[in-house]
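K.L.:
the following block contains a protein sequence and its predicted model.
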Amino acid sequence: MVKNPAKPKPMRIKRTPYERIEPYLFLLPALVIFAVFLYYPFARTIYLSTWVTDALGRPKKFVGLDNYTIRLFGKADFWASIVSTLKFVGVVALGGLLIGLITSLLTYNRYFGSGFCAAVYAMPVAIASAAASMAFRMIYHPTGGLLNNLFGTQINFLGGPNQFWAVAAVTIWLQSGINFIFISAGLKSVPAELYESCDIDGANYWQKLFHITFPTISPTLFFQIIINIINAFQSFSQVKLLTNESPNSSTNLIVYAIWHDAFRAQRFETAAARSVVLFLMILVITIIQFSFEKRSVNY
Amino acid sequence: MSQVKTMKHTGAQRKRRLKNTGNFLLNIPILLIILVPLIYTLSISLVDTDQVYKTLLLPHSIQFNNYVNAFTNPSYNFSRYILNSFIVSTSVMLCQMVTCSMAAFAFVFLEFKGKNILFMAVLATMMVPGEATIIANYLTVAGWGWTNSLHVLIVPYMTSAMGIFLLRQNYMTFPRELKEASTIDGCSNWRFLLQIAVPLSRPALGALGAYVFLNTWNQYMWPLLTTDSDTFRTVQVGISMLYDIDAQSMGLMMAGVIIVIVPSLSIFVFMNKQLINGLMAGAVKG
């Protein structure tokens, strides 16, 4: 019998100086970009939000939290903007979810034309919000647009209280593709056996939908609501382009307000403070998402 | 006999066809909601000027003046916008492929101090919405005198946490022995990355590429802030600068929308699988 050769001791290879820094070289390009265009501007935003700045965004006078307490929280239009943003986010999140759910249920089974429908439902993911906004400007046109021509009306969709719904509808249209893609994937992951056992019990379509499908895909639906919320918070081009840079208080959404503060009012300090508010609102949503996901994997 | 067979078939077939048709008909309302805006935009871009405000959905007459104008009239520099957007989107895409491959490689295959902290630092960038830092970024690049250039549109987007994450997930599926064996064979890390890891990650790189190109092509806010000269304008800002004061400019505007949507839709059609994989990875960020 041949004796097993002694297992060689794991060698402690002394690494050359180059080998020690090599991993950081691989990371360097990414980290430099992150440092300059993410961490630094993040810190700078917080810093600027505590100063009064000049028209070029240079800090002139330290004011502590005055930009928040006096120039934002003390103003009624700040709260109007926050309320509008939250309302908008809620409408878009639920509207997107609903259209995504309907479209994915409609294309769940295969039949003639189902592939075509699925492709159309996913398509809005490819379309830019700016391009879509320009197209909808024509559709909403008060005298000769598609909607008014169809109904024989002369409604000003982009003015008054209609404006909110007009902008929300375009945003839901833009979001419908991503909602369809994710909810569709969620539906396909429901094990077929669950439905089969229901069929044996003689359950109808709606019973299966409410007792099997919805409970099983609820994590997908929750995740999709979060995505919708985060995307809706970031809406900008549809507000600027559909309202022609003059939103009323119902469409003065937070990112538009940030842009307006900085580039129309030359108030970089309130733009910065508002940016911090936006960050905090999205942070809250992210924390809710994380805590939910943690809970849902702990059986 | 053959008659019996046919009759039997038609019964079942008709039932199936009926169910098929019924299923398809249910789709029509939402199909219309998605498709009509696009068909209408195309129609308006093609009709005669006097038909712009009268068109219901399909054009009565067709002319291509708006498209000819968009490309030949010197006041609308569409070819320039397309070229700019194409250069920017391609550069951002290629840069992200390089920087994200390198970073993901280090996170998966190399051991070094601070690895976990650095990875957390990368993931943390996903929690900051771009719009929250856009003002400070604008001040930075304006301070450098970078506004009105193409690099101002490229450099800030040369990497992304989403890309690093996507490629990291991909590298983690490689068998461990692959790297060990190549190291024993004297293959350097750079060579492993270039000659083994990258060729094996073509699907993931395709997903990243399709997603990043499309996102950059569709970008609006950053180019709006950082470029105001016609020379460096990108497509999305270009079409949004068109006015809708009269029927003629409306037609041109709709032609512009169609022109910028065609490349987006081409990616959607021809790289559908990659794009959707990229979107799925990208949505982790939201």
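P.N.:
In hand now; what should we look at?
K.L.:
excluding its backbone neighbours, what's nearest the closest residue to chain B within chain A?
P.N.:
For chain A and chain B, the shortest gap (CB to the nearest CB) falls at residue A:144, measuring 2.4 Å. Glycine gets a C-beta too; all of them are placed from N, C-alpha and C. Excluding the flanking residues, the one nearest residue A:144 by CB to CB, 6 or more residues apart in numbering or on different chains is residue B:53, at 2.4 Å.
K.L.:
host element of the one you found?
P.N.:
For residue B:53, there is no host helix or strand (DSSP states H and E).
K.L.:
which intervals of the stretch 151-299 of chain A have sub-threshold pLDDT?
P.N.:
By pLDDT under 70, the low-scoring segments of the stretch 151-299 of chain A are A:295-299.
K.L.:
neighbours of residue B:259, how many?
P.N.:
22 (other CB atoms under 10 Å in any protein chain shown).
K.L.:
let me fix that: residue B:42
P.N.:
18.
K.L.:
and it, helix, strand or coil?
P.N.:
Per DSSP: H, G, I helix; E, B strand; the rest coil, the local secondary structure of residue B:42 is helix.
K.L.:
can you tell me the helix or strand for residue 262?
P.N.:
If you meant another chain, say so; for now it's chain A. helix A:254-263.
K.L.:
not what I meant, chain B
P.N.:
Counting by DSSP H and E, residue B:262 is found in helix B:247-270.
K.L.:
what is that helix packed up against?
P.N.:
Packing partners of helix B:247-270 (3 or more CB pairs under 8 Å, 6 or more residues apart in numbering or on different chains; DSSP states H and E): helix A:129-139, helix B:2-46, helix B:65-72, helix B:78-109, helix B:202-217, helix B:235-240.
K.L.:
tell me where the stretch 151-299 of chain A has strands.
P.N.:
With strands called from DSSP state E, counting those that start in this stretch, the stretch 151-299 of chain A shows none.
K.L.:
ok, which stretches of the stretch 101-250 of chain B are helices?
P.N.:
B:115-124, B:130-143, B:151-154, B:161-171, B:176-184, B:189-192, B:198-200, B:202-217, B:221-226, B:235-240, B:247-270 (DSSP state H, counting those that start in this stretch).
K.L.:
same thing with the stretch 101-250 of chain A?
P.N.:
A:114-122, A:129-139, A:146-151, A:162-188, A:192-200, A:205-208, A:214-233, A:237-242.
K.L.:
any chance of these in TSV, plus mean neighbour count and distance to chain B?
P.N.:
Shown next, in TSV, are the helices of the stretch 101-250 of chain A (neighbours: other CB atoms under 10 Å in any protein chain shown; distance: least, CB to the nearest CB, whole Å):
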stretch	mean neighbour count	distance to chain B
helix A:114-122	19	5
helix A:129-139	26	4
helix A:146-151	16	5
helix A:162-188	22	6
helix A:192-200	11	17
helix A:205-208	12	12
helix A:214-233	19	4
helix A:237-242	25	4
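K.L.:
in CSV: those, plus distance to residue B:64.
P.N.:
Listed next are these as CSV, based on distance: least, CB to CB, whole Å:
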stretch, distance to residue B:64
helix A:114-122, 26
helix A:129-139, 18
helix A:146-151, 21
helix A:162-188, 28
helix A:192-200, 51
helix A:205-208, 49
helix A:214-233, 36
helix A:237-242, 25
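K.L.:
and the residue nearest the centre of the chain?
P.N.:
No chain was given, so I picked chain A. Residue closest to the mean C-alpha point of chain A, counted by CA atoms, centre = their mean, is residue A:231 at 1.5 Å.
K.L.:
ah, I was thinking of chain B
P.N.:
residue B:214 (1.3 Å).
K.L.:
what sits against the residue nearest to residue A:144?
P.N.:
By CB atoms under 8 Å, 6 or more residues apart in numbering or on different chains, the residues touching residue B:53 are A:141, A:143-145, A:149, B:247, B:250.
K.L.:
with residue B:71 instead?
P.N.:
Counting by CB under 8 Å, 6+ apart, residue B:71 has contacts B:78-79.
K.L.:
if I look at it, how far off is residue A:55?
P.N.:
39 Å (CB to CB, to the nearest Å).
K.L.:
low-scoring pLDDT stretches of chain B, where are they?
P.N.:
Scanning chain B with the threshold set as pLDDT under 70 gives B:1-10, B:244-245, B:284-286.
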